[in-house]
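J.: Sequence unavailable; structure follows:
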């Protein structure tokens with residue numbers, strides 16, 4: 001079996017030091033306040049070149065800001081979302097990041113979902129994808145572009161030939177009502193690819209729509225289903241589990257995937 005690299009989301013001003021403390025060589029981080037429209041911030045107030053040099057032996061993934069919703073019909077959100085996604089992509093490229101992960105977004109109950117899918121096409125058409133961009137499945141929302149399998153399938157019918165990648169979040173899949181017994185096989189059957197896995201247990205019940213992560217084995221997803229998903233996906237893994245238990249999660253995966 002191919003070696004599956006495991007890392008974790010890290011925060012604050014010392015992500016490289018945090019990675020070394022956890023004994024990992026793969027991290028995910030934000031390049032700014034995830035709830036802010038403001039420009040990017042490189043941890044430690046370093047220049048892009050300084051950060052890239054510091055992270056020379058570490059694979060860095062960037063999570064785009066949570067506010068980004070390129071699917072929406074609201075111009076006051078969609079247009080700034082496109083601009084901020086480009087900003088995150090540009091800065092990610094400047095620090096040598098592997099990819100940028102962005103949520104699938106949503107429309108409203110009054111909108112035709114087709115408009116949301118078309119807005120994704122338009123956003124990707126104008127995006128200068130200096131590093132790969134992975135669309136992540138989401139946990140909740142009745143009108144989300146990437147929660148239900150049928151929506152993910154329709155989204156991929158529109159964007160599958162653009163070069164965009166897919167990030168599979170296990171907690172989001174569980175909360176979004178996707179069967180976990182053959183999760184990776186199901187997603188691969190829809191998208192043809194899994195480029196990154198956000199490996200998380202869930203505090204809440206299946207199909208709850210609640211995005212509340214738990215440490216592995218401490219939530220409501222069967223651990224065997226999570227491990228099987230990772231083995232089938234064969235993609236890099238990022239843990240987004242609560243920080244107090246992430247060291248144990250890393251050790252658990254190291255043993256399970258050995």
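T.: It's in. Here the structure is a predicted model, which is why all the values come from computation and not from measurement. Residues are numbered from 1 along each chain as shown.
J.: What segments of the stretch 1-150 of the chain are helices?
T.: For the stretch 1-150 of the chain, applying DSSP state H, counting those that start in this stretch gives helices covering 15-22, 48-54, 75-94, 113-126, 149-159.
J.: tell me which residues in the fourth one are buried?
T.: With burial defined by 16 or more other CB atoms under 10 Å, the residues of helix 113-126 counted as buried are 113, 116-117, 119-120, 123-124. (C-beta placed from N, C-alpha, C; glycine too.)
J.: next one: stretch 137-149
T.: Quick answer for stretch 137-149 (16+ other CB under 10 Å): 137-141, 143-149.
J.: can those go into JSON lines with extra columns for distance to residue 23 and pLDDT?
T.: Putting those into JSON lines (distance: CB to CB, whole Å; pLDDT from 0 to 100) gives the following:
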{"residue": "137", "distance to residue 23": "29", "pLDDT": "98"}
{"residue": "138", "distance to residue 23": "30", "pLDDT": "98"}
{"residue": "139", "distance to residue 23": "29", "pLDDT": "97"}
{"residue": "140", "distance to residue 23": "33", "pLDDT": "95"}
{"residue": "141", "distance to residue 23": "36", "pLDDT": "90"}
{"residue": "143", "distance to residue 23": "41", "pLDDT": "96"}
{"residue": "144", "distance to residue 23": "36", "pLDDT": "97"}
{"residue": "145", "distance to residue 23": "36", "pLDDT": "98"}
{"residue": "146", "distance to residue 23": "32", "pLDDT": "98"}
{"residue": "147", "distance to residue 23": "34", "pLDDT": "98"}
{"residue": "148", "distance to residue 23": "37", "pLDDT": "97"}
{"residue": "149", "distance to residue 23": "36", "pLDDT": "97"}
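J.: Quickly name whichever of those residues is closest to residue 65.
T.: Within these, proximity to residue 65 (CB to CB) peaks at residue 138, which comes in at 14.3 Å.
J.: Let me see the contact set for that closest one.
T.: Taking CB atoms under 8 Å, 6 or more residues apart in numbering as the contact definition, residue 138 lies against 103-104, 106, 144-147, 169, 172, 176, 211.
J.: Turn those residues into TSV, including distance to residue 80.
T.: Converted to TSV, those look like this (distance: CB to CB, whole Å):
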residue	distance to residue 80
103	15
104	17
106	16
144	20
145	18
146	20
147	23
169	24
172	24
176	26
211	22
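J.: re earlier: just give me the closest of the buried residues of helix 113-126 to residue 87.
T.: Nearest to residue 87 among the buried residues of helix 113-126, with distances taken as CB to CB, is residue 123, at 13.5 Å.
J.: Ignoring the adjacent residues along the chain, who's closest to the closest one?
T.: In space, and not counting its chain neighbours, residue 123 is closest to residue 70: 3.9 Å by CB to CB, 6 or more residues apart in numbering.
J.: number of nearby residues for the one you found?
T.: For residue 70, the count of nearby residues is 28 (other CB atoms under 10 Å).
J.: same question, residue 238
T.: 27.
J.: other SSEs contacting whichever strand or helix holds it?
T.: In this structure, residue 238 sits in strand 237-239 according to DSSP states H and E. Contacts defined by 3 or more CB pairs under 8 Å, 6 or more residues apart in numbering; DSSP states H and E place strand 237-239 against strand 6-9, strand 26-29, strand 196-199, helix 246-256.
J.: Pipe the ones you listed into JSON lines and attach mean pLDDT per row.
T.: JSON lines is the format used below for the helices and strands packed on strand 237-239 (pLDDT from 0 to 100):
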{"stretch": "strand 6-9", "mean pLDDT": "98"}
{"stretch": "strand 26-29", "mean pLDDT": "98"}
{"stretch": "strand 196-199", "mean pLDDT": "98"}
{"stretch": "helix 246-256", "mean pLDDT": "98"}
